[in-house]
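1. Provided below for reference: sequence and predicted model.
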Amino acid sequence: MSSHQAGFGSTVSALPTRNGAAAAAAPIPWQPRPIGSSDVVWRHAANPIIPRRPVPGVQGIYNSAAVQFEDRFAAVFRLEQQTRFPRLHVGWSDNGLDWEIERDPVVFANDPADPADYAYDPRVVRIEGSYYVSWCGGRNGPTIALARTNDFRHFERLENAFLPFNRNGVLFPRRIGGRYVMLSRPSDDGHTPFGDIYLSESPDLVYWGRHRLVMRKGGERAGQWWQRTKIGAGPVPIETPDGWLLIYHGVMDTCNGFVYSMGAALLDLEEPARVRYRTDRHLLTPEADYEVSGHVPNVVFPCAALHDSETDRLAIYYGAADTCTCVCYAHLGELVEFVKRHSHVF
Ligand code: BMA
């Protein structure tokens, strides 16, 4: 794979490891906004960072989640084989852009491999020292499956969080009011022509309840069309003084199928089912060749974001056209101001 000559951030912060030692975190991927652009979010110049055939027998790698892990990066990728059957594969990277991808899918130490168990659209979050993977799983699904790992080599599968059908399960990075909190989108077992974002709480990551509506799909009003069919949580929410920054996907139906764009909202820090601000316009919509053309044209689908708190740089990982993996960038503070300035809560 090509090497990327991005201007990387210089901040080095410390991430605690399992044995308590501090590892210097690798700088997150970064490129400055292109000269002449006034966009709040801009694409990595060498997208896609992972092309459609990263390993033999695979024809797509997209909608995947990267995190800082010790002194480098780990990821859980959605890989689609030539059967078009998706599974989760671990990847490793020193710079967050060039990835080594495990040839074999994730297996769960406590759970026998099931060849019929598909897995897609993973998110990864670090909570209290462990990493949790949530994805749309095929066992009695589609619904939200969960697993825990400390090293991205051994995975323990937890109970499914919800009844079928559900997608886009995204955990918050800390307990709120003493409980784990997860966003999700109840759905159907097909391509779901509807969808709103809900929030659920759990004392133990097994039993989920106190379900609350967070936000509905957009309406027919001017400025809402890009998210008028369905919405779903994207990366793990990022805590800011103005609320939890939730980057999400908003979907519009057209005469030629769905179009998936990227939006953002700010949720109340202590009552995250309460929307404080929400963009009435998208941050990114399919425009690049690799977004408008692929196995499913016109999809940008964010699943992970890395934030460097010292430089305020944000790198967002997204799947393009259900085919390849891409990155885009923003300054978190600018993005928050954009959401507040162009907010429409409905
Ligand atoms: C959704 C999921 C996503 C996919 C999107 C667009 O329902 O299947 O994985 O990116 O459709 O095809």
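-> Good, I have the coordinates.
2. Return the residues of the stretch 51-200 of the chain in contact with the ligand.
-> With CB under 6 Å from any ligand atom as the criterion, the stretch 51-200 of the chain comes near the ligand at residues 63, 120-121, 191. For glycine as for every other residue, the C-beta is placed from the backbone atoms N, C-alpha and C.
3. try 5 Å
-> 63, 121 (CB under 5 Å from any ligand atom).
4. Next, please give the residue ranges for the helices of the stretch 51-200 of the chain.
-> Secondary structure of the stretch 51-200 of the chain, counting by DSSP state H, counting those that start in this stretch: no helices present.
5. Backbone dihedrals for the spatially closest residue to residue 116 that is not a sequence neighbour, please?
-> For residue 116, ignoring the flanking residues on the chain, the nearest one in space by CB to CB, 6 or more residues apart in numbering is residue 138 at 6.4 Å. Listed backbone geometry of residue 138 is phi -100, psi 0, with angles given as degrees, to the nearest 10.
6. for residue 138, what are its contacts?
-> Residues touching residue 138, when contacts are defined by CB atoms under 8 Å, 6 or more residues apart in numbering, comprise 116-119.
7. of those residues, buried ones?
-> Among these, those classed as buried by neighbour count (16 or more other CB atoms under 10 Å) are 117-119.
8. Just name the lowest-scoring one in those residues, pLDDT-wise.
-> Least confident entry in the buried ones among the contacts of residue 138, by pLDDT: residue 117, with 90.
9. That one: what's it in contact with?
-> Applying CB under 8 Å, 6+ apart as the definition, the contact partners of residue 117 turn out to be 137-139.
10. Phi first, then psi, for it.
-> As for residue 117, its main-chain torsions (degrees, to the nearest 10) stand at phi -90, psi 90.
11. How about the closest residue to the ligand within the chain: what's its closest non-neighbour residue?
-> For the chain, the residue positioned closest to the ligand under CB to the nearest ligand atom is residue 296, at a distance of 3.9 Å. Take residue 296 and drop its neighbours on the chain: the residue closest to it by CB to CB, 6+ apart is residue 322, 3.7 Å away.
12. same deal with residue 292?
-> Counting by CB to CB, 6+ apart, the nearest residue to residue 292 once its immediate chain neighbours are dropped is residue 286, at 4.9 Å.
13. tell me the SS of the one you found?
-> coil (DSSP: H, G, I helix; E, B strand; the rest coil).
14. That one - how many residues pack around it?
-> For residue 286, the tally of surrounding residues (other CB atoms under 10 Å) stands at 21.
15. what residues are up against it?
-> Per CB under 8 Å, 6+ apart, neighbours of residue 286: 259-261, 292, 297-300, 320-321.
16. Which of the residues you listed sits closest to residue 268?
-> residue 261 (24.2 Å; CB to CB).
17. host element of the closest one?
-> Of the helices and strands defined by DSSP states H and E, residue 261 is found in strand 257-267.
18. now for that strand, which elements pack on it?
-> Contacting strand 257-267 under the criterion 3 or more CB pairs under 8 Å, 6 or more residues apart in numbering; DSSP states H and E are the following elements: strand 243-254, strand 275-278, strand 300-308, helix 332-341.
19. and the next helix or strand after the second one, what does it pack onto?
-> The element immediately downstream of strand 275-278 (helix or strand, assigned by DSSP H and E) is helix 289-292. The contact analysis (3+ CB pairs under 8 Å, 6+ apart) places helix 289-292 against strand 324-331.
20. could you say what helices and strands the strand it packs on packs with?
-> With contacts defined as 3+ CB pairs under 8 Å, 6+ apart, the packing partners of strand 324-331 are strand 42-43, strand 58-69, helix 289-292, strand 313-320.
21. And for that strand, what's in contact with it?
-> Contacts of strand 324-331 from elsewhere in the structure, counted by CB under 8 Å, 6+ apart, are 29-31, 33, 40-44, 47-52, 60-62, 64, 77, 96-97, 283-284, 290-291, 294, 300, 312-320.
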